[in-house]
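S.K.: structure of the sequence below:
(one chain, ligands or ions: 1)
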Amino acid sequence: METPQLSSLYQQLILEHYKHPRNKGALDEPTVEIHMRNPTCGDEVKLQLRVDDGVVTEVGFTGQGCSISQASISMMTQQLAGMSVDDALELARRFTRLMHGDDEVARDRSLGDLRALQGVARFPVRVKCALLGFDALQEALNATEASTEGATP
Ligand code: ZN
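M.R.: Alright, predicted model coming up:
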């Protein structure tokens, strides 16, 4: 039986993000922060967002764990800055579909570097690693939407 492997090109990209994570570090004035763990693997992330008028203006994270979890978060933050809350939620939904083996999403260039993680879908245990940052993102965005509801005059 053939052992599924991540292509070496994709593997290099994952390692590159792992070694040189984008947007790593704490924000001065986040509007929301979510701490999340993946006990199966020991991955950990604290995601911070600054959301102004429904747009993600700043993003930062701290954390530790396996290369897939940390590279996924780094790739995710790379896409987030400047996105509306709705677009960010859509990104999280698309990436979740990618992790569930959706071929159509795998061809979606708007996912950028995140497409390097598509091979992870074949390893159910690692899917949790790849989705950790996105679970934190969805929770952060939901918390943001809840806090702004009714706040507008
Ligand atoms: Zn992991």
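
S.K.: the helices in the protein, which residues?
M.R.: 8-19, 67-80, 85-99, 103-106, 124-148 (DSSP state H).

S.K.: and those: which comes nearest residue 112?
M.R.: Residue 112 sits nearest to helix 67-80 of all these, at 5.8 Å, using CB to CB. In this view, the C-beta of every residue, glycine as well, is placed from N, C-alpha and C.

S.K.: list the contacts of the least confident helix or strand in the chain by mean pLDDT.
M.R.: Lowest mean confidence among the helices and strands of the chain (mean pLDDT, DSSP states H and E): helix 103-106, at a mean of 88. If you take CB atoms under 8 Å, 6 or more residues apart in numbering as the criterion, helix 103-106 is touched by 94, 95, 97, 98, 111, 115, 118.

S.K.: would you format the helices of the chain as CSV with mean neighbour count included?
M.R.: Listed next are those as CSV, based on neighbours: other CB atoms under 10 Å:
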stretch, mean neighbour count
helix 8-19, 15
helix 67-80, 24
helix 85-99, 19
helix 103-106, 14
helix 124-148, 19
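
S.K.: ok, now which ones touch residue 113?
M.R.: 13, 17, 75, 78.

S.K.: restrict those to those near the ion?
M.R.: Among those, not one lies near the ion by CB under 5 Å from the ion.

S.K.: related to what we said a few turns ago, the helices of the chain: lowest mean pLDDT?
M.R.: Of all the helices of the chain, helix 103-106 carries the lowest average pLDDT, namely a mean of 88.

S.K.: list the buried residues of stretch 52-66.
M.R.: Neighbour counts over stretch 52-66 (16 or more other CB atoms under 10 Å) mark 56, 58, 59, 60, 61, 62, 63, 65, 66 as buried.

S.K.: quick check, the second one in contact with residue 47.
M.R.: It refers to residue 58. No: counting by CB atoms under 8 Å, residue 58 sits too far from residue 47 to count as a contact (11.6 Å).
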